[in-house]
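Peer 1: Provided below for reference: sequence and predicted model.
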Amino acid sequence: MTDGRRIAAATGLVSAAVALGGILVATLVSSSFTWTAAALSDMGRPGRATYWLFNGALVAAGALGFPFAYALLTAAGNAVQRVGVGLFVVTVAAMAMVGVLHLPRDGHGLAAVTHYVGATLFLWVWGTGEALAGRVRRGLATVWLANVHVLVWTLWAGLVAPEWFAVAEYAGALVFGGWVLFTARRLLDDRQPSAA
C-alpha cells in the first residue's frame with residue numbers, strides 16, 4: 001500500500017474516533033443531557049457548553065471521512081463497491097452537515113436522517129459488493145451490521161419512543177463508526193489494497 005493510501009486509510013481511524021469520542025465526551029460534559037429524554041443534537045444547540053465540542057466533532061469527523069472514501073475506492077473490487085463509496089461520501093457529508101446545521105437551524109433533521117439512512121444503505125451495498133467479490137463472510141457481516149442498525153431503530157420506535165432517542169442515535173453511530181474503525185485498521189494492516 002502506498003503512503004498516500006495508508007494516510008487515507010488512517011483518516012478513517014481518526015474520523016471514527018473523533019465522532020464517537022466527541023459525542024461521548026460531550027454527554028459527560030453536558031449538565032443538561034440525559035440519555036432518556038434528549039437527542040444527541042441537543043448538545044449542539046447555541047449557548048450549550050458542549051456547542052463547539054459536539055458540532056466540531058461532527059464536522060471534523062465528516063471532513064476526515066472524505067480521504068477515507070479514497071482508501072475505500074482504491075480497495076473497491078467491483079462496481080457495486082464503487083457505488084458504495086458514493087453512498088459513504090453522502091453519509092459522511094451529512095454527518096458534517098449535522099454539525100453545521102445545528103439545532104435549531106432548518107435542514108438539521110434532513111441532514112441527520114440522510115446520515116443514518118445513508119449509513120445503512122452504504123453498509124448494505126458495500127457488503128453486497130464484498131460478497132460478490134468472493135469475500136462472502138465479510139460481506140455478510142457488513143450487511144448484517146446494516147440489519148442491526150434497522151433493528152435498533154425498529155425496536156426503539158416500537159417499544160420506547162419517544163424516550164431513549166439518544167441511545168438509538170448513538171447505537172447507529174457505533175454501527176457505522178465501528179465498521180469504519182475495523183475497516184481502516186484492516187486496510188492499514190493489508191499489504192494488498194484490493195483485498196478489502
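Peer 2: Nice, thanks for sending it over.

Peer 1: could you use CA atoms for every contact and neighbour count after this?
Peer 2: Noted.

Peer 1: output the longest helix belonging to this structure.
Peer 2: As far as residue count goes, and with DSSP state H defining each element, the longest helix of the chain is helix 3-29.

Peer 1: who are the packing partners of that one?
Peer 2: If contacts are counted by 3 or more C-alpha pairs under 8 Å, 6 or more residues apart in numbering; DSSP states H and E, helix 3-29 sits against helix 51-75, helix 165-189.

Peer 1: TSV please, covering these and showing mean pLDDT, distance to Val83 and mean neighbour count.
Peer 2: What follows is the helices and strands packed on helix 3-29, written out as TSV (pLDDT from 0 to 100; distance: least, C-alpha to C-alpha, whole Å; neighbours: other C-alpha atoms under 10 Å):
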stretch	mean pLDDT	distance to Val83	mean neighbour count
helix 51-75	98	9	23
helix 165-189	97	17	19
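
Peer 1: any chance of these in JSON lines, plus distance to Ala131?
Peer 2: Conversion of the helices and strands packed on helix 3-29 to JSON lines gives the following (distance: least, C-alpha to C-alpha, whole Å):
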{"stretch": "helix 51-75", "distance to Ala131": "14"}
{"stretch": "helix 165-189", "distance to Ala131": "15"}
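
Peer 1: how about Val136, nearest residue that isn't a chain neighbour?
Peer 2: Among residues not flanking Val136 along the chain, Glu130 sits closest, at 6.4 Å (C-alpha to C-alpha, 6 or more residues apart in numbering).

Peer 1: could you check the angle the strand or helix carrying that neighbour makes with helix 165-189?
Peer 2: With secondary structure defined by DSSP states H and E, Glu130 is part of helix 108-132. Inter-element angle recorded for helix 108-132 and helix 165-189: 40 degrees (by axes from the mean of the first three to the mean of the last three C-alpha atoms, to 10 degrees).

Peer 1: and the contacts of helix 108-132?
Peer 2: Residues from elsewhere that reach helix 108-132, judged by C-alpha atoms under 8 Å, 6 or more residues apart in numbering: 77-81, 83-85, 87-88, 90-95, 97-98, 101-102, 136-147, 149-150, 172, 176, 196.
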